[in-house]
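Asks: need a structure here:
(one chain, ligands or ions: 1)
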Amino acid sequence: MRTPAGNECRFYYEDYHRGHETQECRLIARNSRGGAWKLSLCARCPVPDILRQNACGNLALEATVKKGLLGLNEHVEVFAVCAKKGERVTQPARGCGSCHEALSRIQG
Ligand code: SF4
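Replies: Next up, the predicted model:
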């Protein structure tokens, strides 16, 4: 679904049908320590770029709302894990490369 900021994000959800007025981030919502989402966070959120650059089905993301110095500059911080290896992925847009290694071994 396209966020009001104009980015495609599968975690954004909205429903305005039959009297509903729902807008939510389902990625932040599923993190019990994710913080309070608001629409403006989508504009600078790294998740849409990560999803566009890395379509790996083993990439698991967790998002948290963080504040910068003096409580300003609220933003979304992403923690990524490879569900296959169970290890942190430090560059989620690039991935960990594990699946590519396995693929090149098969292709010889
Ligand atoms: S905050 Fe980020 S992950 Fe959540 S809906 Fe907006 S763009 Fe998607």
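
Asks: what's the spacing between the residue nearest the centre of the chain and the ligand?
Replies: Nearest to the centroid of the C-alpha atoms of the chain, with distances taken as CA atoms, centre = their mean, sits residue 47, at 3.7 Å. Applying CB to the nearest ligand atom, to the nearest Å, the value for residue 47 to the ligand is 4 Å. Bear in mind the C-beta positions are built from the backbone N, C-alpha and C, glycine included.

Asks: do the same with residue 74
Replies: Applying CB to the nearest ligand atom to residue 74 and the ligand gives a distance of 11 Å.

Asks: what is the burial count for that residue?
Replies: As a burial measure, residue 74 scores 15 neighbours (other CB atoms under 10 Å).

Asks: please name the residues that touch it.
Replies: 38, 40, 41, 65, 66, 67, 68 (CB atoms under 8 Å, 6 or more residues apart in numbering).

Asks: now, which of those residues sits nearest the ligand?
Replies: If you rank those by distance to the ligand using CB to the nearest ligand atom, residue 41 comes first, at 4.6 Å.

Asks: surely that closest one and residue 65 touch.
Replies: Yes: using CB atoms under 8 Å, residue 41 is in contact with residue 65, at 6.5 Å.
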